[in-house]
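# no FASTA, just this:
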């Protein structure tokens, strides 16, 4: 395995990560947030995966180095890409969902909020109702006859995948 071969595969990964983030950001902005942050993250992931496979196939086709080295580096790049995307997903998600960050933004915006205002705006019921409204608006929850139902089976699968990953990494099920 040569240094040139390693640097080419590293370059493919860097380009793929830049494409992934650019597509994610662009899809949210171009859709004027109609697509939603979570959906845009998966659009970016799918695009990045396609670009990664294409880049790795191109390098293997060019024939720099042994085929088994290119396959091994392609697998390593795929694992690194998934790990980087997982980190990016949660980095974006914490900015959207973190109660601490939202409270700090609100305090900064109002130049010193009264505690009663924050406690009213962020009591458990208000926070859960706001989250449920967003889930309904995104189609992830359906509300009919006073009951909520899962709206998008793929999001239920995503939630189960994250629960399985949490169990695998931490040895315990989700706290919900």
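Right, received. Where do you want to start? Quantities reported herein were computed from a predicted structural model and do not represent experimental measurements.
# Distance of the spatially most central residue of the chain relative to residue 150?
Residue closest to the average C-alpha location in the chain (Cα atoms, centre = their mean): residue 89, at 2.6 Å. Using Cβ to Cβ, to the nearest Å, residue 89 is found at 20 Å from residue 150. Bear in mind the C-beta positions are built from the backbone N, C-alpha and C, glycine included.
# The residue nearest to the centre of the chain and residue 39 touch, don't they?
No - look at residue 89 against residue 39 with Cβ atoms under 8 Å: they stay out of range, at 12.0 Å.
# buried ones in stretch 133-153?
Using 16 or more other Cβ atoms under 10 Å as the test for burial, stretch 133-153 gives 135, 138, 140, 141.
# And the second one, its phi and psi?
Looking back up the chat, that one is residue 138. Residue 138 adopts backbone torsions of phi -80, psi -10, taken as degrees, to the nearest 10.
# so it sits right up against residue 36, yeah?
Yes - using Cβ under 8 Å, residue 138 is in contact with residue 36, at 5.3 Å.
# and residue 27, what is it in contact with?
Counting by Cβ atoms under 8 Å, 6 or more residues apart in numbering, residue 27 makes contact with 35, 39, 40, 43, 44.
# What about those residues, which are in helices?
Among these, DSSP state H puts 39, 40, 43, 44 in helices.
# can you tell me which of the residues you listed lies nearest to residue 126?
residue 39 (25.3 Å; Cβ to Cβ).
# That closest one: what's it in contact with?
By Cβ under 8 Å, 6+ apart, the contact set of residue 39 is 27, 138.
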